[in-house]
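Need a 3D model of the following:
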Amino acid sequence: MHIQLDFQNASTVETSAMPDERDLLSWLNAVFASQPATFTEPNICVRIVDEGESEELNSTYRGKHSPTNVLSFPADLPPGVDIELLGDLVICAQVVAREAEEQAKAPAAHWAHMVVHGCLHLLGYDHIEDDEADAMEALETKILQALDFPPPYEQ
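Residues are numbered from 1 along each chain as shown. The predicted model follows:
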């Protein structure tokens, strides 16, 4: 499998904890390896943004007037389009950094969690209902532990 990654870093924040394309591909590969579906060449865009863009998108698409850690925008392709375009992930650098510090998590572990979490949303997972949340959290934990990160929901 070969992931087609469109990596866009639109953030003005410079930090050593910011993932690079190699990190993102590693984390995304782990997500796809956990899936029963067969992908040959999934396409995904990961855009790292600052709080202003995150807040604008969160307000426009979710009606929430604050920046958020990750937003997932699944692709809605018309019938007959033969491309494995999954969609876009928009991750806010400042929110991820702040949450990692508040939760006493290694920044790389939290970045990986946001990428895994967002990608699972693109694949149709959700956490609105308790049973869905339990299943999604268990899968996130399994993927992150396979990447040698600690369980994301244990404090």
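
mind listing what Ser66 touches?
Shown in contact with Ser66 (Cβ atoms under 8 Å, 6 or more residues apart in numbering): Glu55, Asn58. All C-beta spots, glycine's among them, are computed from the backbone N, C-alpha and C.

Tell me the spacing between it and Glu53.
Distance, Ser66 to Glu53, using Cβ to Cβ, to the nearest Å: 13 Å.

and what of Glu137?
Noted for Glu137: a distance of 27 Å to Glu53, by Cβ to Cβ.

Now tell me what touches stretch 13-24 from outside.
If you take Cβ under 8 Å, 6+ apart as the criterion, stretch 13-24 is touched by 5, 7, 9, 11, 27, 46, 48, 50, 93-94, 97, 100, 107-108, 111-112, 115.

ditto for stretch 123-137
For stretch 123-137, contacts defined as Cβ under 8 Å, 6+ apart pick out Val31, Gln35, Ala37, Pro74, Leu86, His117, Leu120, Leu139, Pro152, Tyr153.

Ends of that stretch, what's the gap?
Length of stretch 123-137, first residue to last, Cα to Cα, to the nearest Å: 14 Å.

What about the residue of the chain most remote from its centre? Give its phi and psi, please.
Ranked by distance from the centre of the chain (Cα atoms, centre = their mean), the top residue is Gly80, with 27.1 Å. Note on Gly80: its backbone torsions stand at phi 90, psi -10 [degrees, to the nearest 10].

where exactly do the helices run in this protein?
Along the chain, counting by DSSP state H, helices occupy 21-33, 51-62, 93-102, 107-122, 130-146.

Compare those helices and give me the one nearest Val70.
Nearest to Val70 among these is helix 107-122 (4.3 Å), distances taken as Cβ to Cβ.

Put the alpha carbons of that closest one into PDB.
Provided in PDB are the C-alpha atoms of helix 107-122 (Å, rounded to 0.1, in the frame of the first residue of the first chain):
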ATOM      1  CA  PRO A 107       4.000  16.100  22.400                       C
ATOM      2  CA  ALA A 108       4.700  13.400  19.800                       C
ATOM      3  CA  ALA A 109       2.300  11.000  21.500                       C
ATOM      4  CA  HIS A 110      -0.500  13.600  21.400                       C
ATOM      5  CA  TRP A 111       0.200  14.500  17.800                       C
ATOM      6  CA  ALA A 112       0.100  10.800  16.900                       C
ATOM      7  CA  HIS A 113      -3.200  10.400  18.800                       C
ATOM      8  CA  MET A 114      -4.700  13.400  16.900                       C
ATOM      9  CA  VAL A 115      -3.700  11.900  13.500                       C
ATOM     10  CA  VAL A 116      -4.900   8.400  14.400                       C
ATOM     11  CA  HIS A 117      -8.200   9.800  15.900                       C
ATOM     12  CA  GLY A 118      -8.900  12.000  12.900                       C
ATOM     13  CA  CYS A 119      -8.000   9.300  10.300                       C
ATOM     14  CA  LEU A 120     -10.400   6.900  12.100                       C
ATOM     15  CA  HIS A 121     -13.100   9.500  11.700                       C
ATOM     16  CA  LEU A 122     -12.400   9.700   7.900                       C
END
